[in-house]
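> Build the 3D model from these lines:
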Amino acid sequence: MICVSDDGTNVGGVEKSPLSKAAWDRRTPWQSYYRRVGHTDIDYWRGGARNVTYQRLEVGSESIDDAIDAIFSLFHFGDVLAARERESGRSGSYLATMDPGYAVQFADLELPAGITRAGENRVRFTNVAVAYFRGEPVTETFVDADDRLYLPGGEEPCQLVRER
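Here you go, the predicted model:
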């Protein structure tokens, strides 16, 4: 089992394939499975998928390192963060004050679901929408551990304020 957080959220696992003595059976020695939510990755962020399953890869790997790499390339950490956010009992939303141009852009996003304008320069994010941006630190727009929303172009980050 491979876990990625202190609370032990399982994102997948690797197991040794059973050996076969049949000459025609060329199974690879390592089989992986990974955490999956919805039919496509987009289902989750549209707010329609909540059931977690573990999908077994159809093709195995020759080495345990390759099998683990396959898991990390397929699961989405944003999904894990969103699940933790929901399970924490801190349902609700966050409010950010920003430049009106950015407020319009956020409100027009298709993904993730859960972003609305709350005035000319204010935007409301559901906890799952915030988790989406927590899971994307490689992009210019992301949320850090102190609930600051970083915007493209090096703008000052916006502080997200949790609404109760």
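
> Which stretches in this structure count as helices?
Secondary structure of the chain (DSSP state H): helices at 41-45, 64-74, 77-87, 100-108, 127-134.

> Next, the angle from the last one to helix 100-108.
When you say that, I think you mean helix 127-134. Orientation check (axes from the mean of the first three to the mean of the last three C-alpha atoms, to 10 degrees): helix 127-134 against helix 100-108 gives 110 degrees.

> need the contact list for the closest residue to Phe133 other than its chain neighbours.
Of all residues not flanking Phe133 in the chain, Val143 sits nearest, at 4.4 Å (C-beta to C-beta, 6 or more residues apart in numbering). C-beta: built from backbone N, CA, C; applies to glycine. Going by C-beta atoms under 8 Å, 6 or more residues apart in numbering, Val143 touches 130, 133-134, 149-150, 160.

> Need the max-distance pair from those residues.
Val130 and Tyr150 (12.5 Å; C-beta to C-beta).

> which of these two has more neighbours?
Set side by side, Val130 and Tyr150 show more neighbours around Val130, with 24 against 17, by other C-beta atoms under 10 Å.

> Asp157 reaches Leu149, doesn't it?
That one is not Asp; residue 157 is Pro. Yes - under the criterion of C-beta atoms under 8 Å, Pro157 makes contact with Leu149 at 5.8 Å.

> Which of those two has more residues huddled nearby?
Higher neighbour count among Pro157 and Leu149: Leu149, with 22 against 17, using other C-beta under 10 Å.

> and the nearest residue to Ile68 once chain neighbours are set aside, how far is that from Glu155?
Using C-beta to C-beta, 6+ apart and skipping residues adjacent in sequence, the residue nearest Ile68 is Val14, 6.0 Å away. Distance, Val14 to Glu155, using C-beta to C-beta, to the nearest Å: 42 Å.

> What of Arg124?
19 Å.

> who has more neighbours, those two?
In terms of neighbours (other C-beta under 10 Å), Arg124 is the more surrounded of Arg124 and Glu155; the figures are 18 against 13.

> ok, that one - contacts?
Contacts of Arg124 (C-beta under 8 Å, 6+ apart): 93-95, 115-118, 163.

> And it, how far from Thr97?
Distance from Arg124 to Thr97, by C-beta to C-beta: 11 Å.

> hmm, back to that, who does the residue nearest to Ile68 bridge with?
Ser32 (DSSP bridges).

> cool, and Arg124?
Here Arg124, judged by DSSP bridges, has bridge partners Leu95, Thr116.
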